[in-house]
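**Q** structure for this input, please:
(2 chains)
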Amino acid sequence: MTYDERLQNVAVLGAAGKMGSGILLLTAVEMADRALQAENKGKTFVLNAIDVSEDGLAGLMGYLRVQVRKIAEKKTIWLRQMYADRDDLIENYDIIDAYINDVLNIVHPVTVMEAANKANLVFEAVNENRSLKVKLLDGIKKNNPNDVWFFTNTSSVPIHLIDEEAGLDGKVIGFHFYNPPAVQKLVELIKTDSTKQEVADFALQYAKNLNKVVVPSNDFAGFIGNGHFMRDGLHGIKEAQELAKDKNMPLYKAIYMVNKVTQDYLIRPMGIFQLMDYVGIDVMQFILNVMNPFVEDETLQSDLLDKFMEQGVKGGQYSSGAQKDGFFKYKSGQPVAVWDIHKQEYVEIEKFKDECDEILGDLPESAVPWKSILRMKNKEEVLMKFYTDLKSLDSLGAVMAIRYGKRSKEIGEKLVKDKVAAHADDVNTVMLTGFYHAYGPINNFFE
Amino acid sequence: MKKLRRKVYMTAGYNTISLGTGRREFNPRKPRPGIEHYIKEAGQGVLNQIGGAQNVDESVIGNFMASRFNRQGHLDGFLPMIDKGLSMKPAVRVEGACASGGLSLVTGIRNILAETAEVNLSLGFEVQNTVKAIYGADILALAGWFQNRKAGHAYFFPGQFSDRAGAYYEKYGYERTRKGMARWYANAIENARLDPTAQEYHNTNPDPYGTALKMQPNGKAFVDHLTVLDCSKVSDGASAIAICSEDGLKRIGVDKKNAVEVIGFGHAVRDITSQPKDLTELETIKFAAHEALKNAGITIDQIGTIETHDCFSIAGILAVEALGLAAKGEGADYVDAGKTSRNSEIPFNTTGGLIGWGHPTGCTGVHQAVTIWQQLTGNAGNAQIKINENRPYGLTINMGGDDVTVTSIVFKRGE
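**A** All right, here's what the predicted structure looks like:
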């Protein structure tokens, strides 16, 4: 079966979810682009968008219409060539509309799993729930007469377990997108010892056509991305708890301070607590629960996260992409207040900001905001100067930042040592591309 | 063309800002003023300088494609909206693609010559930021022959002038041409920074020449032979000016010294369904500009400043050659040597031209006349150039489509 033949019938499970809708969009566009090639004229391409939610699927179709237009507007020059033989399509307007129709015609939104039984390729993007994933894939494998291949978007469940428990005969690969899939360049590709080579080759071709940066990761719970982020987040929580204890201050102030240090001192796009809100406190707790049984020399768990879940404070995002309240309360996407677990209410940052900033101390003059450092050609040099200056300070902020940078590096090196990542570069690429860090965790800035 | 049968003047010009990318107040995600705002501001800007609407006999409004950019036709009906005093008076809308503004001017001149008007209000406008550039390209493509649209580029007009640039590179050499085009861009930016209404007024690039020279055309992302810096931007704007007889000037109480006299003009149209004979020549511009000079009874070496239609940098270079200032194939060198810059003998596009000031299509021809009026009467503010007494004339060239419709006017300060 050729690449195009395999793409002629595809199913996405969980198509209306945050990750599923992005995967569906990219796959629909890739399938439509293949269908437009001369050799595929007249062939039918079907993409089954499967989800339990009717509402979600209705929303998905609206999302696709808007996103496909944006994609089409960026490649109109190419589309005019593809539709050159259609005399009825003259203006860019006509061509873009035709393309949107062609993409949407490929997509069949359905709520029944049976739709996956004719697929050559199944993309699984349901909840991060191992038994659910296994149950669904097992069902398809039993009822689909084709040589069906499986891609799973799991960010934490080991692929070989899914393979064994669902009986997929090595015709499965971890294809882990970052959120949102349509924007984020990074894909972690996770082969197991039994993943068939042709499945891996196809996955690589597909990722390349989608213009993604591929980082191979070993099949170890959490892979590289969550392997780093989960531990980095737990370190942030630990720092905040210890800071509150040492300084005898309420935890919400400490959360604010650690968040500030991880954003401004570590020069990251957002502080660690804001990032945990972005991912979702519930999602983070879930992934920790998935990962924890597989690690031997540490415990991946947090009482604080459990407490937040008990109090119903979960973070995450609305389907519009707006940030839900979690550790922080947000206004126009910016944190404005911090959750107080004792009083169970948000405390405005303005009320204690100055006092906390003073305890942290001033940043050295060589500090640069994350946004500007990304564009700098001499990034390494600027960072080296900044961290050298930082090391010479004994302010609380500087000390915490250096400790944080060292811990982050330790986490990265452990991923290499445990063979989750093949090279230090792979860890750095994941953090640079998937998390938009300005520099990889494995560096020499903090020694 | 016959000598003008009586004296015709222009005065009291007014430009709105040219709004679009580059202006700090421009935000594509926020609502913007519509056509009513621009028509009103430019129209009232003139009426305020000429003693009010009661002094106006007739009006002309030039616009290319409001029917698609703004879903509005029947544009002459907007003139009485400017001021009740224009109600129940003659008004006409003219269209000749990007030369619609120029047509607004020559129609106004003819109203004066026909003696049906002593004071004529000529206006031009376009509000184009209503659609994304990829759709705007469809609308602007209507300035070409629709039968050619299917085979044309997604960005149709950049595609047309990219073909001209490509032919020029091939004939006369890529490097030297790109240098001339980079210099054209740099001049446009430097001049625009002197005019607060210009779209590039806020441009702070310390080295526009270097930026333009470094950027290479990329056919995959845009067109084969031009970069975005070789192109005028998408703009919203309006300009207006009063066109008067001697009696008209007296009526509005404006001294001749504060007006420019129309010494002569040319107006020519080429068959839109035919291809240009030579891609490296703008034959209609050449014809119309020489008509204007002949009609005025002067030669090019008496011209002190020129506003030419640089919708694309290559069009600026080809206009230099069409005017005979440089031989064929030497226009790019002429420009790169600084001979069109504001310190030269014949400064071109002293408020930025289409690339620097902006190109609200139907507005451009009128904007050119306003700039010449400002320069020759000493009203150009920071953009003011020194007018050499041996070269007292100003010249405009306004082009519609791919060298299809051209108007060209010779001006001199009133005396």
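**Q** please make it C-alpha for all contacts and neighbour counts, starting now.
**A** Noted.
**Q** what parts of chain B come near chain A?
**A** Contact residues (Cα under 8 Å from any Cα of the partner chain) of chain B with chain A: B:134-135, B:138, B:149-151, B:153-154, B:220-222.
**Q** what about the residue of the stretch 51-200 of chain A found nearest chain B, is that helix, strand or coil?
**A** Nearest to chain B, among the residues of the stretch 51-200 of chain A, is A:I90, at 4.9 Å (Cα to the nearest Cα). At A:I90, secondary structure determined by DSSP: H, G, I helix; E, B strand; the rest coil is coil.
**Q** pretty sure it sits against B:R149.
**A** Yes: A:I90 is in contact with B:R149 according to Cα atoms under 8 Å; the separation is 6.5 Å.
**Q** so which strand or helix has A:I95?
**A** Secondary structure assigned from DSSP states H and E places A:I95 in helix A:92-106.
**Q** residue contacts, the residue lying closest to A:N146 once chain neighbours are set aside?
**A** Nearest residue to A:N146 in three dimensions, chain neighbours excluded: A:N120, at 6.3 Å (Cα to Cα, 6 or more residues apart in numbering or on different chains). Counting by Cα atoms under 8 Å, 6 or more residues apart in numbering or on different chains, A:N120 touches A:6-10, A:146-149.
**Q** and for B:S100?
**A** By Cα under 8 Å, 6+ apart, the contact set of B:S100 is B:62-64, B:94, B:124, B:361-363, B:365, B:400.
**Q** find the residue at the geometric middle of chain A.
**A** Taking Cα atoms, centre = their mean as the criterion, A:Y178 is the residue nearest the geometric centre of chain A, at 2.5 Å.
**Q** my guess is that residue contacts A:Y436. True?
**A** No: A:Y178 is beyond contact range of A:Y436, at 11.1 Å (criterion: Cα under 8 Å).
**Q** now for the two: what residues contact both?
**A** Joint contacts of A:Y178 and A:Y436 (Cα under 8 Å, 6+ apart) do not exist.
**Q** sorry, back to before: want to throw the contacts of B:S100 into TSV with pLDDT and distance to B:T350?
**A** TSV is the format used below for the contacts of B:S100 (pLDDT from 0 to 100; distance: Cα to Cα, whole Å):
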residue	pLDDT	distance to B:T350
B:G62	98	23
B:N63	98	23
B:F64	98	24
B:V94	98	27
B:G124	98	20
B:T361	98	18
B:G362	98	20
B:C363	98	17
B:G365	98	14
B:G400	98	21
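**Q** the residues you listed in helices, which ones?
**A** B:G365 (DSSP state H).
**Q** among the contacts of B:S100, list the two that are farthest apart in space.
**A** Based on Cα to Cα, the longest span within the contacts of B:S100 runs between B:G124 and B:G400 and measures 13.6 Å.
**Q** give me the more crowded residue out of those two.
**A** Between B:G124 and B:G400, counted using other Cα atoms under 10 Å in any protein chain shown, the more crowded position is B:G124 (37 against 27).
**Q** quick check on the closest residue to chain A within the stretch 251-400 of chain B: phi, psi?
**A** Closest contact between the stretch 251-400 of chain B and chain A, by Cα to the nearest Cα, is at B:T273 (17.3 Å). Recorded main-chain torsions at B:T273 are phi -90, psi 0, according to degrees, to the nearest 10.
**Q** which non-adjacent residue is nearest it?
**A** Nearest to B:T273 is B:W145, by Cα to Cα, 6+ apart, at 5.9 Å.
**Q** how close does that neighbour sit to B:S274?
**A** As for B:W145, its distance to B:S274 is 9 Å (criterion: Cα to Cα, to the nearest Å).
**Q** repeat for B:L213
**A** Separation of B:L213 from B:S274 (Cα to Cα): 33 Å.
**Q** now do the domain split for the chain, please.
**A** No chain specified, so I'll use chain A. A:3-217, A:225-434 (automatic domain parsing).
**Q** was after chain B, sorry
**A** Domains of chain B are assigned by automatic domain parsing as B:8-132+B:234-258, B:152-233+B:272-413.
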